[in-house]
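coordinates for the following, if possible.
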Amino acid sequence: HLDPIFRERPNEYLDVMRSREPVHQDRMFDRVVLTRAADVEAVMNNRNLASDPRKSRPGSFSRVQLRVDETFRPLILHMDDPDHKRLRDLVVKAFNQVAVDAMRPRITDVACGLLDEVDDPSCFDIMNAYARPLPTIAIALVLGVDTAHCHDFKQWSDGKMQMFNPRRTQEQEAVLAS
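You can find the predicted model right below:
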């Protein structure tokens, strides 16, 4: 949700939705929003449902949002089995316990470095200074991106996040396309 008030206090809104309308029909974007964990789990575990937006109806949110056409190639997030399973198995191998333990010192160094860059540790925006950059930088390290290019990788990654923004501006659209 892009509403800044929602972003600051999401639980206030979600608590109301869960109690009044746990299965919300979002008419603005023609989609359904689930707000209860049990409902989300049921959908996530239903193998009869597809993730691939090419299988969705014309005009659906995912088709419009992802600009699905004959050249569309889904990311792993939007794949169905067997392709999803094949790629997921590769990702799981990269994140086994041995690999994670081997990365721990480098990721700890990155985490400490981000905190060292904070100008005033008594008052700072933890999301912008720490929580947002840390996962992207950690993923870059796991993928073998040279630390000299981590800033570029973060910009690219942030730009790709625009795919989840249903109200992209022309500038955001250009960032996504680059």
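
where does Arg27 land on pLDDT?
Model confidence at Arg27, given as pLDDT, is 85.

near it, how many other residues are there?
7 (other C-beta atoms under 10 Å). Where C-beta positions appear, they are placed from N, C-alpha and C, glycine not excepted.

one more: the one 10 residues further on?
By the other C-beta under 10 Å criterion, the neighbourhood of Ala37 contains 9 residues.

could you measure from it over to Gly159?
Distance, Ala37 to Gly159, by C-beta to C-beta, to the nearest Å: 31 Å.

just Val33 next, same as before
Val33 sits at a distance of 25 Å from Gly159 (criterion: C-beta to C-beta).

with only the CA atoms kept, save stretch 84-91 in PDB.
Output in PDB follows, covering the C-alpha atoms of stretch 84-91 (Å, rounded to 0.1, in the frame of the first residue of the first chain):
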ATOM      1  CA  HIS A  84       9.600 -22.500 -10.100                       C
ATOM      2  CA  LYS A  85      10.700 -25.700  -8.400                       C
ATOM      3  CA  ARG A  86      13.800 -26.000 -10.600                       C
ATOM      4  CA  LEU A  87      15.000 -22.400  -9.800                       C
ATOM      5  CA  ARG A  88      13.900 -22.600  -6.200                       C
ATOM      6  CA  ASP A  89      16.100 -25.700  -5.700                       C
ATOM      7  CA  LEU A  90      19.100 -23.800  -7.000                       C
ATOM      8  CA  VAL A  91      18.300 -20.900  -4.600                       C
END
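
and Thr147, how many residues sit next to it?
The tally of other residues near Thr147 (other C-beta under 10 Å) stands at 13.

what sits against it?
For Thr147, the contacting residues are Leu141, by C-beta atoms under 8 Å, 6 or more residues apart in numbering.

spatially central, which residue of this structure would that be?
Central residue check for the chain by C-alpha atoms, centre = their mean: the C-alpha nearest the mean position is that of Met161, 6.6 Å away.
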